[in-house]
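K.L.:
Pasted the sequence and its predicted model underneath.
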Amino acid sequence: MTPQQKKIRKMLEEKQGILLVHYYARPEIQEIADVLGDSLVLARAAADSDAKVIVFAGVHFMAQSAAILSPEKTILLPRLDAGCPLADAATAESVRQMREKHPDALFVTYINSSAEVKAISDVCCTSSNAEQIVGNEPAGRKIVMLPDGNLARHISSVSQREIIAWEGCCPVHQALTPQEVAARKREHPGAPFAAHPECHPDVLALADFVGSTSAILKFARESKAKSIIIGTEAGIMARLKKESPEKTFILASDVLLCADMKKITLDDIEKSLTTMQPVVTVPQNISRAAKKALDKMLSLS
Ligand code: SF4
């Protein structure tokens, strides 16, 4: 541990705080995480923890989810401008209009969404549990999934159900092209390609495995392949190498880099713990309604 990493750990201890870190965050932050995980793991950790302070190294919607699930805790997001263009793809007003068009549909909302959008949704999901959440509904139930159209189409395909897909996307995963994947496959013959469901359907069509970041890590641990091509954000590479040091991981493209996920630095975390700012809060009326959708997800997965 560097002196700064040690200092942050000490500050967390003094403030009875924990550091929740997403797999896409900077590697030096991942190294000192109390909990390192994908959105589902981090949401659970926020709900279950008895810490007084949660420092989130991720993006804004994740810190909001922690604030909704644990309103009694202080939730720090060291950089408030760490946002998510996918979450911004659905506003509460546009979702309300969609609900008017489909009054009988179940609205399944990806955790990558604002608290306001969660508050007018029936249930949340993550890429780890979306199939399970949809599978829980009786056949024939009309489902709208938002805001990630690629995830919705993937779940529709694997669950063999009709799903109305919102037309949002993650610009990072969407930027990966089938041509790039085909080139990596030619360069590394025999290496399986593991992709995140936020990728375009033409990219997923080339995948040997499709799953959330946690599922990709599990696939990599269990695969007999010596080399694996990775189709998700570059931050996962540090964890892959740590968990499976004997294997070679090839990032499918350099475009797989989320600038928002890299905004928070160790300096930002240290400053945030010193000033106890910026705090993320959600107004009570929105928080209560959004919590129902998040709690329903946690109870079903
Ligand atoms: S990787 Fe995509 S979905 Fe994740 S925070 Fe970045 S823009 Fe949002």
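P.N.:
Structure's in. What do you need?

K.L.:
is the helix or strand harbouring A238 up against the ligand anywhere?
P.N.:
Assignment of secondary structure by DSSP states H and E places A238 within helix 236-243. No. Using CB under 6 Å from any ligand atom, helix 236-243 stays clear of the ligand, coming no nearer than 10.5 Å. Using the backbone N, CA and C atoms, a C-beta is placed for each residue, glycine as well.

K.L.:
quick one: contacts of that helix?
P.N.:
Contact with helix 236-243 is made by 23-24, 27, 30, 36, 213, 216-217, 220-221, 228, 230, 247, 249, 251, as judged by CB atoms under 8 Å, 6 or more residues apart in numbering.

K.L.:
Give me the buried subset of those.
P.N.:
Buried members of these, scored by 16 or more other CB atoms under 10 Å, are 23-24, 30, 36, 213, 216-217, 220, 228, 230, 247, 249, 251.

K.L.:
ok so, going back, buried residues in the helix holding A238, which are they?
P.N.:
So, applying 16+ other CB under 10 Å, buried residues of helix 236-243: I236, M237, A238, R239, L240.

K.L.:
Just name the closest of those to the ligand, please.
P.N.:
I236 (10.5 Å; CB to the nearest ligand atom).

K.L.:
So which residues of the stretch 1-150 of the chain form strands?
P.N.:
17-22, 35-37, 53-57, 74-76, 106-110, 123-125, 143-146 (DSSP state E, counting those that start in this stretch).

K.L.:
And those strands: which comes nearest L256?
P.N.:
With CB to CB as the measure, strand 17-22 is the member of the strands of the stretch 1-150 of the chain nearest L256 (14.6 Å).

K.L.:
got the CA coordinates for that closest one in PDB?
P.N.:
The C-alpha coordinates for strand 17-22 follow below in PDB (Å, rounded to 0.1, in the frame of the first residue of the first chain):
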ATOM      1  CA  GLY A  17     -16.700   4.400   6.900                       C
ATOM      2  CA  ILE A  18     -16.400   1.900   4.100                       C
ATOM      3  CA  LEU A  19     -15.200   2.300   0.500                       C
ATOM      4  CA  LEU A  20     -17.400   0.700  -2.100                       C
ATOM      5  CA  VAL A  21     -15.600   0.400  -5.500                       C
ATOM      6  CA  HIS A  22     -16.900  -0.600  -8.900                       C
END
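
K.L.:
and it, which strands flank it?
P.N.:
strand 35-37 (parallel), strand 53-57 (parallel) (DSSP bridges).

K.L.:
Out of those strands, the one nearest the ligand is which?
P.N.:
Among the strands paired with strand 17-22, strand 53-57 sits nearest to the ligand (CB to the nearest ligand atom), with 12.1 Å.

K.L.:
Go through the closest one and flag the buried ones.
P.N.:
V53, I54, V55, F56, A57.
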